[in-house]
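S.K.: requesting a structural model of the entry that follows:
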Amino acid sequence: TLLVMQKRPFEPLRGPTGACRTASGARGGGPALWGISLSECKALCEASGACVAAQHASTPKKRGRVDMACELILAPARVSHTLPLANTVCLLKRAEPSPPALSQQRADSLQPPPPPPLPPP
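M.R.: Numbers count the residues shown, from 1 in each chain. Okay, here's the model as predicted:
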């Protein structure tokens, strides 16, 4: 069986849009990375095996400028809800599906064959 790996999609947390929060209300993330677009933020999270969610904020400023910030939420933090916050989104990275378990017969067939018998002395 050939497994085709696809990029993990992100899904918004149910409830209002806003900042990612753990059950205790903590942020659970690292420092904000400024000047990062939403697509770049998702790509950074995707590239990190420890990233469990991406938080992105875009704040309109004067003269049409927009400040953008990305925060990667890293394991062992577990995002449970959002803190309502304008112009901010919390996206969970879906867990990779586990590969199907091999049957014992299939697993045995993947073992190398035993060595040939030794010649008599």
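S.K.: show me what the most centrally placed residue in the chain is bridged to.
M.R.: By CA atoms, centre = their mean, the chain has its centre lying nearest to residue 93, at 3.6 Å. Residue 93 forms beta bridges with residue 10, as assigned by DSSP bridges.
S.K.: would you map the helices across this structure?
M.R.: Using DSSP state H, the helices found in the chain span residues 38-47, 104-109.
S.K.: can you flag the weakest of those by average pLDDT?
M.R.: Among these, helix 104-109 carries the lowest mean pLDDT, a mean of 54.
S.K.: so residue 88 touches residue 68, yeah?
M.R.: No. Taking CB atoms under 8 Å as the definition, residue 88 is not a contact partner of residue 68, at 10.7 Å. To be clear about C-beta, it is placed using only N, CA and C from the backbone, and glycine gets the same treatment.
S.K.: mutual contacts of those two, please.
M.R.: Contact criterion CB atoms under 8 Å, 6 or more residues apart in numbering; residues shared by residue 88 and residue 68: 56, 57.
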